[in-house]
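1. Need a 3D model of the sequence below.
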Amino acid sequence: MQPAKPRIEVPPALTWLVDERGGRQWLEALPSLVSECLARWQLHIGNPLQGNVSFVARAITAGGSEVILKIGFPHPDSQHESAALAHWDGRGAVRMIDYDSERRALLLARCAPGNNLSDEPEDTATEAIAGVLEGLWETPGPSEPFQTLSSAARIWSEDLSAAYERAEHPFELEIFEEAIAFMATERPPRRDDVVLHQDLHGGNVLRRDDGWVAIDPKPLVGERAFDLTSYVRDRRDELASDPDAEKIVRKRLDRLCRRLDVDRERARGWALAHALAWGFDDGGDFYPDHVLAARLIARC
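-> You can find the predicted model right below:
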């Protein structure tokens, strides 16, 4: 007698995708995608974990190994996540065991104990981020299949300009102009460029027995200074209410640049530009926390 197939339900945290382009169809197909992955990799699945753009669940292989199954909603930013994880091969990032390109499914080694860097004190988090980046940058990045930072910057500049006009200049013109001007300084690709995580904040770093590792990259290939961006503006809800917010942001930037031997002005410029480039929704409305972060970075 065959064991009963597990009942797969869409986690509530993913239901917002119904309003995204292609989201409804993906959500309807998700139970079948999960079942097909369980059959392919002979997995016994556990309860889903928190995931806002992907289905993520613990699972156990037929051999008894603990793994993570991740099925991503198709989105350009994460298109080459598997290629980035393969390049890093466990250096500074979670280790990928296998990938199903048709279903956009990743079989990942489980991080244990798995606690999140967002729960750690500020100084601990900054040091951990530096260590993760050292691992991610250990080997220069290949030119394929990743989008270059210079190409992405051109798109961000155009989109940011259009959104700023559409929203009728919702924040200081000086900050907007500085971000646009900086993105125009992006240089052509070089041989020492690395695969960039792009979204390396505390929520995307987990504890593994041998240290902290990154998850959920939105990879590009380009200069190292760019990859400080997401952490420099991290914990924005706390920054919004902290009278020393500017000091905190400056300290993050200073410590990371010294530790990683990164040009501070390049890192600051990218942090400002990226805060705004990722700072508005599809309707052109700017996120107040991203604008706040840009203001703080501009004063650093």
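2. which ones are touching the most centrally placed residue in the chain?
-> Centroid check for the chain by C-alpha atoms, centre = their mean gives residue 199 as the closest residue, at 2.8 Å. The neighbours of residue 199, taking C-beta atoms under 8 Å, 6 or more residues apart in numbering as the test, are 77, 216, 217, 218, 230. C-betas here are computed from N, CA, C, even on glycine.
3. looking at this, the fourth one is in a strand?
-> What it means is residue 218. No. Counting by DSSP: H, G, I helix; E, B strand; the rest coil, residue 218 is not part of a strand but coil.
4. picking that back up, which of the helices or strands spans the residue nearest to the centre of the chain?
-> Per DSSP states H and E: residue 199 is located in neither a helix nor a strand.
5. Then residue 69?
-> Using DSSP H and E, the element containing residue 69 is strand 66-72.
6. That strand: how far from the chain's middle?
-> Relative to its chain's centre, strand 66-72 lies at 17 Å (C-alpha atoms, centre = their mean, to the nearest Å).
7. how much does whichever helix or strand comes after that strand deviate in direction from strand 66-72?
-> Going down the chain from strand 66-72, the next helix or strand is helix 81-88, by DSSP H and E. Counting by axes from the mean of the first three to the mean of the last three C-alpha atoms, to 10 degrees, helix 81-88 lies at 140 degrees to strand 66-72.
8. And helix 81-88, how far out from the chain middle?
-> For helix 81-88, the separation from the chain centroid amounts to 13 Å (computed by C-alpha atoms, centre = their mean).
9. What are the contacting residues of the helix or strand that it is followed by?
-> As assigned by DSSP H and E, the chain's next helix or strand after helix 81-88 is strand 96-100. With contacts defined as C-beta under 8 Å, 6+ apart, strand 96-100 is touched by 37, 40, 41, 67, 82, 85, 86, 105, 106, 107, 108, 109.
10. Take these and write them to JSON lines, including pLDDT and distance to residue 210.
-> Formatted as JSON lines, the contacts of strand 96-100 follow (pLDDT from 0 to 100; distance: C-beta to C-beta, whole Å):
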{"residue": "37", "pLDDT": "97", "distance to residue 210": "27"}
{"residue": "40", "pLDDT": "97", "distance to residue 210": "29"}
{"residue": "41", "pLDDT": "97", "distance to residue 210": "25"}
{"residue": "67", "pLDDT": "97", "distance to residue 210": "18"}
{"residue": "82", "pLDDT": "97", "distance to residue 210": "22"}
{"residue": "85", "pLDDT": "98", "distance to residue 210": "17"}
{"residue": "86", "pLDDT": "97", "distance to residue 210": "19"}
{"residue": "105", "pLDDT": "97", "distance to residue 210": "26"}
{"residue": "106", "pLDDT": "98", "distance to residue 210": "20"}
{"residue": "107", "pLDDT": "98", "distance to residue 210": "20"}
{"residue": "108", "pLDDT": "98", "distance to residue 210": "16"}
{"residue": "109", "pLDDT": "97", "distance to residue 210": "12"}
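11. Separate out the buried members of the residues you listed.
-> Among these, those scoring as buried are 37, 41, 67, 82, 85, 105, 106, 107, 108, 109 (criterion: 16 or more other C-beta atoms under 10 Å).
12. Quick check: the second one touching residue 60?
-> Read that as residue 41. No. Using C-beta atoms under 8 Å, residue 41 is not in contact with residue 60, being 10.5 Å away.
13. quick one: pLDDT of residue 11?
-> At residue 11, the model reports a pLDDT of 89.
14. burial measure for it, as a count.
-> Around residue 11 there are 18 other residues, counting by other C-beta atoms under 10 Å.
15. Quick check: bridge partners of residue 109?
-> When bridges are called by DSSP bridges, residue 109 pairs up with residue 67.
16. got any ranges where the chain has weak pLDDT?
-> Applying pLDDT under 70 to the chain picks out residues 1-5.
17. in the stretch 51-200 of the chain, which spans are helices?
-> Here the stretch 51-200 of the chain has its helices, by DSSP state H, counting those that start in this stretch, at 81-88, 122-136, 149-166, 173-183.
18. Please enumerate residues in contact with the shortest one?
-> Okay, so that is helix 81-88. Residues from elsewhere that reach helix 81-88, judged by C-beta under 8 Å, 6+ apart: 72, 93-96, 99, 101, 106, 108, 135-136, 139, 141-142, 145-146, 195, 197, 216-219.
19. hmm, back to that, which of the buried ones among the contacts of strand 96-100 lies closest to residue 294?
-> residue 85 (30.1 Å; C-beta to C-beta).
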